[in-house]
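[1] Below: sequence and its predicted model.
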Amino acid sequence: MVKKILFLLIVISTISLLGRNKWRMVTEASYSPLQGVFFLNENLGWAVGSSGTILKTADGGETWEKITEVDSVTSTLYSVFFVNEKLGFAGGAKDIFLKTINGGKTWKKIAASSNSGDIRSIYFADENIGWILAGTKGGGEILYTTDGGATWTVQLTETTTNIKAMAFHSKNHGVCVGGKKGRFVFYYTTDGQNWTKAPNPTGVPSVYTRTDLYAVAMASDNVACATGWGSRAAGLQPSIILRTTDGGANWTYETQAEENRLYINMYGMAFKDELTGIAVGGSSYKGTVAYKTTDGGKNWSEISLPTGFSAKAISWVNNKVCVVGSGGSIVISNDNGNNWKVVTPIINSTLNDIDILPNNRVVAGGFYGAFIYSDEYGNNWQSSYVAGNNVCPTVKDIFFLDENIGYAAQLYRVVSKTTDGGKTWTQIMKDTTESRVGNYGVQFINENIGFVVGKYGSDVSAFHKTTDGGKTWTSLIGDENLVDELNLLWFFDEKNGVVAGDGGALAYTMNGGKTWTKVVPNHIPSASVDYCTVDFLDNNLGLIAGKKTLIKTTDGGKTWEYIAVPDLPKDIKGVGIANETTWYLSGSKFLFYTADAGAHWANVLNLDVVTATSIYEVVIDSNGYPWISCGSSEVYTSAPELVGVEEVDNSIPEKFKLEANYPNPFNPSTVIKYSLPASVSGSVTLKVYNLLGQEVATLVNQSQKAGTYHVNFDASKLSSGIYIYTLKAAGFSQSKKMMLIK
């Protein structure tokens, strides 16, 4: 029997590495990007966004329910407003206007505007009287209803400047604002019927190349603030803050103290009372930004909101604040914005990198500084943000020393470290506001010695090294043998390593990065290629890939050889080595694999139902199974699914024991019980095979302490027949048969 099991394991390994196991998606983003939010009270709230997304919470934002009955709407929804617990409205792109009369369980389209505008703002004074703002390219209009939305009349039409936001404090007092390059637009009403155009604001500096206004909020019938454009890249243009104290008749530009100035687009604003307000926005560098005032909008200062998405909308009721935005991200505060909590289970992000840790922990990171992780081999995912120093740039690379200590290379020169498996992060290389400086690869040999590669400017390479855990760094900038921006690195120890990047940059070091030797691969069609991804099987065999190019080394990076990949559709973004002959390449709409060291290739996406359009990285786990990271926080693998295991007796057994499953025969589930003695160490596996030697399930694949366990095996997706289950741990191996009868 032992010889037969060994033979079966060889067959199984070959089949899995050929990519024939069925692929499955193990996680995906929880929500589409969000654009609007409204809380009726501290418990009841709704959020709307892309692809007709509508979410509802009844527990103060802790959990959200996806609403599916939305009358076939696929357009983006921008705004939502509820009159009471039953009656609500939502508006979106191309005049989409929805109404619900059952608290948001179902929504129906109703007619409103007919100018193909985007319904950006909604306000109802009661069940009958309401207003909507429909913005158009170059203008917009305000419409009014007195019969709950059955019919509408146009109160205001603007034809020269974009109108983006509207707000009311009461049914008689409202304002709307907008702007475009070099021009503002303001209207106000004091009777809810007639709108008057206000003059341009006073005190606006001449530094602005754009004057877009995206948000407005009223603190009282008289006091209101508007915000919008801000930019550092286009020159120091502070985030616009405008204020009125006479109901919108006149506006002034509020200059902020230099230490409080932000240079970011601000998209949402809300006031709790006449003095206290928060504006929100975001950028690729800062991540989420929150600006708070306690004097009615005259002075603003940044408050910490350590997340990476661009905030699009905010709602504030009593002490409850909720902010939503890109990445399907939702954060809540129960103390007026002093402390924040991310409540989105899985952030919607492009996952630039993925890794499998020795304890089968799966981790991935990407856009918005997003970081997702699973402690159960792809089950039960969670997410956080790689944020520190009040910034949260995109994650380009991750590296973990063990299940707790890890590092992230980020844009804007950031390197972050976690000691709790990714739940919290701190910067060990501080950020810079210079967008041309970035880190693309990170690796640590131990907690003291680490290496980072990236760029110091356009077409300028950067190599950084620390020997004290990131307290200090030595840098090599623009070395003649590195030349261009560096995208990847691989160090075998503290002295020997390889780096590569744009423009054919490819070099190795034997003295820890003090000096580098440039390498040009043999037989390569063009020496100038952008390399972006690397994997090594051991200290000799490695692959580097990039712009439709794959190169191989068998001597640890000292020499490289070009490997042709016929019919490769686009650039390679990820590479993974399963063994000496089986490799994977990933990219946009393809996942190629070879089982003969590159002599022949096949596209896995032509064989399996992997729906991801872009695959960014591929990594091979300790069992030889590939995992891929994609857009929308999707992760796929061909590894068999792990099921739950429960310890039923914590007493210490005297010896290993694998018991007969019960019931047997079974349909469709059975329980397998086993015991581990005190001598157990390392990983424990319990797997199920069919009589052809194909693995059909991995029930256990983790480190376990001594004790007695039982596992439930659900075979509802399998055909009737005889199956073999095998327990392996600390040199012990035992197999038993079971019969499935349907």
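    Arrived safely. The model shown is predicted, which means the values in this text are computed figures rather than measured ones. Numbers count the residues shown, from 1 in each chain.
[2] Kindly state the pLDDT recorded for the spatially closest residue to Thr276 that is not a sequence neighbour?
    Residue nearest to Thr276 in three dimensions, not counting chain neighbours: Thr294, with 5.6 Å by CB to CB, 6 or more residues apart in numbering. Where you see a C-beta, it was placed from the backbone N, CA and C, and this is true even at glycine. The model reports Thr294 with a pLDDT of 97.
[3] Same check on Asn21?
    We have a pLDDT of 59 for Asn21.
[4] now swap in Gly503 and tell me
    pLDDT for Gly503: 94.
[5] pretty sure it contacts Asn487?
    No. Gly503 is beyond contact range of Asn487, at 10.7 Å (criterion: CB atoms under 8 Å).
[6] Spell out which residues are contacts of both of the two.
    Residues within reach of Gly503 and of Asn487 at once, by CB atoms under 8 Å, 6 or more residues apart in numbering, are Asp530.
[7] Among these two, which residue is more densely surrounded?
    For Gly503 versus Asn487, the count of surrounding residues by other CB atoms under 10 Å is larger for Asn487: 26 against 16.
[8] how much space between the residue nearest to Thr276 and Val331?
    21 Å (CB to CB, to the nearest Å).
[9] so what are the domain limits for the protein?
    2-20+641-740, 30-110+313-340 (automatic domain parsing).
[10] Could you check the pLDDT of the most centrally placed residue in the chain?
    Computing the C-alpha centroid of the chain and ranking residues by CA atoms, centre = their mean puts Ser349 first, at 2.6 Å. Predicted confidence (pLDDT) for Ser349: 95.
[11] and the closest residue in space to it that isn't next to it in sequence, backbone torsions?
    Distances taken as CB to CB, 6+ apart place Ala370 nearest to Ser349, at 3.6 Å, with adjacent residues excluded. In terms of degrees, to the nearest 10, the main-chain angles of Ala370 are phi -70, psi 140.
[12] My guess is the residue nearest to the centre of the chain contacts Ser384. True?
    No. Using CB under 8 Å, Ser349 is not in contact with Ser384; the gap is 11.5 Å.
[13] how close does the spatially closest residue to Gly192 that is not a sequence neighbour sit to Cys225?
    Nearest residue to Gly192, sequence neighbours excluded (CB to CB, 6+ apart): Asn172, at 4.7 Å. According to CB to CB, Asn172 stands 19 Å off from Cys225.
[14] Of those two, give the one with the bigger neighbour count.
    Taking neighbours as other CB under 10 Å, Asn172 and Cys225 compare with Cys225 leading, 27 against 14.
[15] didn't that one look like it was pressed against Met269?
    Yes. Between Cys225 and Met269 there is a contact under CB under 8 Å: 6.4 Å.
[16] which residues do the two both contact?
    Listed as contacting both Cys225 and Met269 by CB under 8 Å, 6+ apart are Val216, Ala217, Gly277, Ala279.
[17] Which secondary structure element of the chain has the lowest mean pLDDT?
    helix 2-17 (a mean of 34; mean pLDDT, DSSP states H and E).
[18] Helices of the stretch 551-700 of the chain, residue ranges please.
    With DSSP state H, counting those that start in this stretch, there are no helices along the stretch 551-700 of the chain.
[19] any weak-confidence spans in it?
    Residues of the stretch 551-700 of the chain meeting the criterion pLDDT under 70: 606-613, 642-651, 679-681.
[20] Show me the strands in it, by range?
    Applying DSSP state E, counting those that start in this stretch to the stretch 551-700 of the chain gives strands spanning 561-563, 572-577, 583-587, 590-594, 602-603, 615-620, 626-630, 635-637, 645-649, 657-658, 669-676, 683-689, 695-703.
[21] counting contacts, what elements does the longest one pack onto?
    Contacting strand 695-703 under the criterion 3 or more CB pairs under 8 Å, 6 or more residues apart in numbering; DSSP states H and E are the following elements: helix 2-17, strand 645-649, strand 683-689, strand 707-714.
[22] Now stretch 141-157: buried residues?
    Across stretch 141-157, burial judged by 16 or more other CB atoms under 10 Å covers Glu141, Ile142, Leu143, Tyr144, Thr145, Gly148, Gly149, Trp152, Gln155, Leu156.
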